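[1] Structure of the sequence below:
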Amino acid sequence: ALAAWWEPLLAGAPTLRRALGGRLVLDAGAYGVVLDPGEGRVRPWQGEAWEHWFGFAPEVLWSLVDRHVTDWVNEAFLSCRFEADRVGGYNDAVFTFFKCLEPGRMAYLERTLADAERDAEGPVAREDTFRCGDYLVQRRCPHLGADLSRFGEVRGHVLTCTLHGRAFDLRTGACLNGSEPPLRTERVAGERSGR
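    Coordinates of the predicted model:
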């Protein structure tokens with residue numbers, strides 16, 4: 001049931017699959033499944049290595065699947081009805097995936113991640129920027145691609161994405177509270193326009 005539900009979502013989300021990285025295991029004791037982002041498949045877990053492991057009581061996992069819950073973060077993770085482990089650093093894409101388990105949300109997430117990936121690879125086109133005070137700034141947050149013209153908040157020379165709290169120095173583009181790539185900014189001459 002989980003493969004039938006998630007594999008079509010993964011098939012349309014190649015950028016998300018890259019962002020997820022290694023295998024995610026859902027372990028319910030006697031039975032476990034592995035989501036393999038590289039393959040875009042969900043299958044029984046046979047003990048292979050993982051990057052993220054989530055342990056659930058069987059009735060919690062079955063309930064999430066049976067009810068087709070599209071936001072596991074709010075339904076299960078925030079209630080602390082699970083255990084978790086990981087290899088390596090925190091990966092925001094993992095929990096974002098678990099909030100987007102339906103086609104509309106997944107399509108939005110994929111577009112957002114693809115836009116952010118594109119922005120990180122090359123020069124920003126004028127239509128992908130917005131005026132932020134004395135600066136022309138890339139529209140998509142380097143973290144997970146939120147639209148900064150909508151979710152950005154400015155204090156002094158700091159632009160903060162209100163969705164995930166990443167802060168950027170408008171003068172240099174440097175991320176002030178994470179390891180995100182720099183925000184592309186360009187100081188523009190002329191009349192100051194506030195946000």
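[2] quick one, what contacts the residue lying closest to residue 92 once chain neighbours are set aside?
    Leaving aside its chain neighbours, residue 92 sits nearest to residue 144 (6.2 Å; criterion: Cβ to Cβ, 6 or more residues apart in numbering). Placement of C-beta: from N, CA and C, glycine included. Neighbouring residues of residue 144 by Cβ atoms under 8 Å, 6 or more residues apart in numbering: 92-93, 96, 112-113, 116, 163-164.
[3] Report the helix or strand with the lowest average pLDDT across this structure.
    helix 103-121 (a mean of 80; mean pLDDT, DSSP states H and E).
[4] Beyond it, next helix or strand please.
    strand 129-132 (DSSP states H and E).
[5] Buried residues of that following strand, list them for me.
    129-130, 132 (16 or more other Cβ atoms under 10 Å).
[6] any idea which of the contacts of residue 144 is closest to residue 64?
    Using Cβ to Cβ, residue 96 is the member of these that lies nearest residue 64, at 16.8 Å.
[7] partners of the helix or strand where residue 85 lies in the sheet?
    According to DSSP H and E, residue 85 maps onto strand 83-86. When sheet partners are counted by DSSP bridges, strand 83-86 sits next to strand 52-55 (antiparallel).
[8] For the next helix or strand along the chain from the strand it pairs with, buried residues please.
    Next along the chain after strand 52-55, taking DSSP H and E as the criterion, comes helix 58-66. Within helix 58-66, the residues scored as buried using 16+ other Cβ under 10 Å are 60-61, 64.
[9] to the chain's geometric centre, what's the distance from helix 58-66?
    24 Å (Cα atoms, centre = their mean, to the nearest Å).
[10] any low-confidence regions in the chain?
    The chain contains residues with pLDDT under 70 at 119-127, 189-195.
[11] Looks to me like residue 136 is in a strand.
    Yes. Assessed with DSSP: H, G, I helix; E, B strand; the rest coil, residue 136 lies in a strand.
[12] what's the distance between it and residue 183?
    11 Å (Cβ to Cβ, to the nearest Å).
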